[in-house]
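A.B. asks: Give me the fold of what follows.
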Amino acid sequence: MVKHIVMWKLKSEYRNEKKPAVTLKLIMELEHLKEKIVQIKALKTAINNNPDNEYDVILEMEFNSMTDLAIYIKHPEHQKVVEYLKIIRDLKASIDYVM
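C.D. replies: The predicted structure is shown next:
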């Protein structure tokens, strides 16, 4: 089993009154990936509630293998979310590990 964790910090222009709408759209887009990409075995998202933390949104996913993760990364539905993220994110951190 492979765990894939990603965190994003929104650009400053989205860290104000726009933040709830932007983060909700991102969460919905991410959660819909589970329905569209069969390689995803588990998916959880959350919005950071700690104002002292740099990152705003987290994604945790599980895959059966690194091969399945690679399929997900290249999948057109994932790439659509990536394009949205390029507009709204400032920073990204990720890690993949075998459980």
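A.B. asks: got any ranges where this structure has weak pLDDT?
C.D. replies: Counting by pLDDT under 70, the chain shows no low-confidence range.
A.B. asks: For stretch 41-51, buried residues please.
C.D. replies: Under the neighbour-count criterion of 16 or more other Cβ atoms under 10 Å, stretch 41-51 has 43, 45, 48 buried. The way it works is simple: take the backbone N, C-alpha and C, and place the C-beta from them, glycine included.
A.B. asks: so the first one touches Tyr72, yeah?
C.D. replies: Think Leu43. No - checked against Cβ atoms under 8 Å, the pair Leu43 and Tyr72 is beyond contact range at 10.2 Å.
A.B. asks: Can you check which residues contact both of those two?
C.D. replies: Counting by Cβ atoms under 8 Å, 6 or more residues apart in numbering, the residues touching both Leu43 and Tyr72 are 33, 61.
A.B. asks: quick one: strands adjacent to the helix or strand harbouring Ala93?
C.D. replies: Assigned by DSSP states H and E, Ala93 belongs to strand 89-98. Next to strand 89-98 in the sheet, as set by DSSP bridges, lie strand 2-10 (antiparallel).
A.B. asks: immediately after the strand it pairs with, which helix or strand?
C.D. replies: Next along from strand 2-10, by DSSP H and E: helix 19-36.
A.B. asks: elements contacting that following helix?
C.D. replies: In terms of contacts (3 or more Cβ pairs under 8 Å, 6 or more residues apart in numbering; DSSP states H and E), helix 19-36 is packed against strand 2-10, strand 42-47, strand 57-63, helix 76-88.
A.B. asks: of all those, which lies closest to His32?
C.D. replies: Of all those, it is helix 76-88 that lies closest to His32, at 7.9 Å by Cβ to Cβ.
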